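1. no sequence for this one, just the structure:
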């Protein structure tokens, strides 16, 4: 197996992610329940979107204490490519694998729409096939998706080139319009928008190619020729 | 209790004695407008009900259509008006929860939600605006948490809906024909009650929903719990895949009394029920028989 898609109670984009990886990009992937140990033959990990534990207490905070998280932390240290999408991003932040916090959108409403993000770092395992400044038409759907970082954290993010994506327009009041970030090493990436909903032309009202490059970057990283 | 004196007399005559309090509650729920559609039935009968592709028509939890290639589409619609008129957020949210369970009962995965809504003049009437805002939020929050999109609907605003709301929720399901839950039972089978624990909320729901809306009885409205329902969807579909389910029935506003008696009737079996085994949210809850 190559990619593990982690399933928490309340995950609801797990099967979409599995479909895109397996059926669209022909990457061997498997759904892994959060209390199971991570299989040893994993080359990359994806934490999908959804409402783990019903967003109780705070989005992602309970899932961040799931048994599988300690395995994920070990793999993160070893440099394994790890992607968190939406609730997966929130979980990575709550688990301390990514800095900052995700707060309620300034509108205090759930936002569900098509938007555009801009590539700010194309050195990560999930962006290496994209160009700097490239625009990605992508779906966004969240209630607690406003990225927040204090001044100090923000400076570190900038210094280490940890800002991966920003929104083209200010859709939710995020600090510096941040849509996605990575850890200092660059192997752990979190993003609020949904690439798995945007990488097939039948689903994307604009151009699905840029979003599909997020997955092609992973193929590239894993040495799979598409 | 929502049973009319005429209905009471009819019941006593039919069974040849005075019904006991438990029987009274069950029949009152079953004969409520919410469960029996006694006043709307004649209008509903005017709608098309059969067809070449209809596997299961009216009378079951959801309608099942054969769409070819071994696949089926299930459809179900329900109103949740009274609850939404007194507690719009919880009323509308549990309306979504209710229709989705009917889709699930057929053994299909719920994939989309639609709704038909009616409110008063939201531009000038603050109460209508409050109902509107919270009902919409209830539908959205519940669907989002389950990961089931609300793909459409229709809405009207008119003064005649002042102090009230019509909230109709429809859900669509999809699955394989071979995996449909067929609804059969044999002596010795177990009945398993799954889902949220039974609390004081929602008790007597169907009768409340059928009475004239005179009191703002918020305690008759269930508290929404989409997270439990999401777990339930996955657990039930997994159990379906493993062939563990012979029959399934959703608990609607009529609660356990209706679900158990309806499924016993449909499957031609008797069901023995020990109410002390029901998982409850609070201690010291007893079956409520006197205070309707």
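-> Alright, I've got the coordinates. What you see is a predicted model; the values in this text were computed from it and never measured.
2. so where do the strands sit in chain B?
-> For chain B, the strands defined by DSSP state E occupy B:54-56, B:63-68, B:71-79, B:109-119, B:150-157, B:166-176.
3. What residues sit buried inside the helix or strand containing residue A:17?
-> Secondary structure assignment for residue A:17, by DSSP states H and E: helix A:14-19. Residues of helix A:14-19 classed as buried by neighbour count (16 or more other CB atoms under 10 Å in any protein chain shown): A:14, A:15, A:16, A:17, A:18. In short, each C-beta sits where N, CA and C put it, glycine included.
4. Give the closest residue to the second one in space, chain neighbours not counted.
-> The one in question is residue A:15. residue A:31 (7.6 Å; CB to CB, 6 or more residues apart in numbering or on different chains).
5. What's the local residue count around the one you found?
-> 15 (other CB atoms under 10 Å in any protein chain shown).
6. ok so it is a strand residue?
-> Yes. Using DSSP: H, G, I helix; E, B strand; the rest coil, the secondary structure at residue A:31 is a strand.
7. Now do it against residue A:145, distance only.
-> 24 Å (CB to CB, to the nearest Å).
8. What of residue A:112?
-> 11 Å.
9. out of the two, which sits in the busier spot?
-> residue A:145 (26 against 14).
10. Next, the more buried one: phi, psi?
-> phi -120, psi 10 (degrees, to the nearest 10).
11. quick one: contacts for the nearest residue to it once chain neighbours are set aside?
-> Take residue A:145 and drop its neighbours on the chain: the residue closest to it by CB to CB, 6+ apart is residue A:192, 4.3 Å away. Residues in contact with residue A:192 (CB atoms under 8 Å, 6 or more residues apart in numbering or on different chains) are A:85, A:86, A:89, A:102, A:140, A:142, A:145, A:147, A:179, A:180.
12. Check the offset of the longest helix seen in chain A from the chain's centre.
-> Longest helix of chain A, by residue count under DSSP state H: helix A:209-221. Put simply, helix A:209-221 sits 13 Å off its chain's centre (CA atoms, centre = their mean, to the nearest Å).
13. ok, now stretch A:142-162?
-> For stretch A:142-162, the distance to the chain centre is 15 Å (CA atoms, centre = their mean).
14. now do the same end-to-end measure for it.
-> 22 Å (CA to CA, to the nearest Å).
15. go on, stretch A:171-189?
-> 21 Å.
16. Leaving out chain neighbours, which residue sits closest to the most centrally placed residue in chain B?
-> The centre of chain B sits closest to residue B:252, judged by CA atoms, centre = their mean, with a distance of 3.1 Å. Computed as CB to CB, 6+ apart, the closest residue to residue B:252 that is not its neighbour in sequence is residue B:98, at 5.9 Å.
17. That neighbour - how many residues pack around it?
-> 23.
18. for residue A:127, what are its contacts?
-> So residue A:127 contacts A:119, A:121, A:164, A:189, A:213, A:214, A:217 (CB under 8 Å, 6+ apart).
19. oh, I was asking about residue B:15
-> residue B:23.
20. And residue B:173, how close does it get to chain A?
-> According to CB to the nearest CB, to the nearest Å, residue B:173 and chain A sit 15 Å apart.
21. which non-adjacent residue is nearest the residue of the stretch 1-150 of chain B found nearest chain A?
-> Per CB to the nearest CB, residue B:147 is where the stretch 1-150 of chain B lies closest to chain A, at 2.6 Å. Using CB to CB, 6+ apart and skipping the chain neighbours, the partner closest in space to residue B:147 is residue A:12 (2.6 Å).
22. residue contacts, the one you found?
-> A:49, A:50, A:51, B:146, B:147, B:230.
23. who does the second one bridge with?
-> With DSSP bridges as the criterion, the beta-bridge partners of residue A:50 are residue A:11.
24. that older thread, what sits against the residue nearest to the centre of chain B?
-> B:34, B:35, B:78, B:98, B:102, B:206, B:258, B:259.
25. same check, this time on residue B:105
-> Counting by CB under 8 Å, 6+ apart, residue B:105 has contacts B:61, B:62, B:181, B:248, B:249, B:250.
26. so what pLDDT did it get?
-> Residue B:105 is assigned 92 on the pLDDT scale.
27. how close does it sit to residue A:43?
-> 41 Å.
28. now residue B:41
-> 60 Å.
29. cool, and residue A:94?
-> 25 Å.
30. in the chain, which segments are predicted with low confidence?
-> You didn't say which chain, so I picked chain A. A:1, A:225-226 (pLDDT under 70).
31. actually chain B
-> For chain B, the ranges with pLDDT under 70 are B:1, B:201-220, B:286-292.
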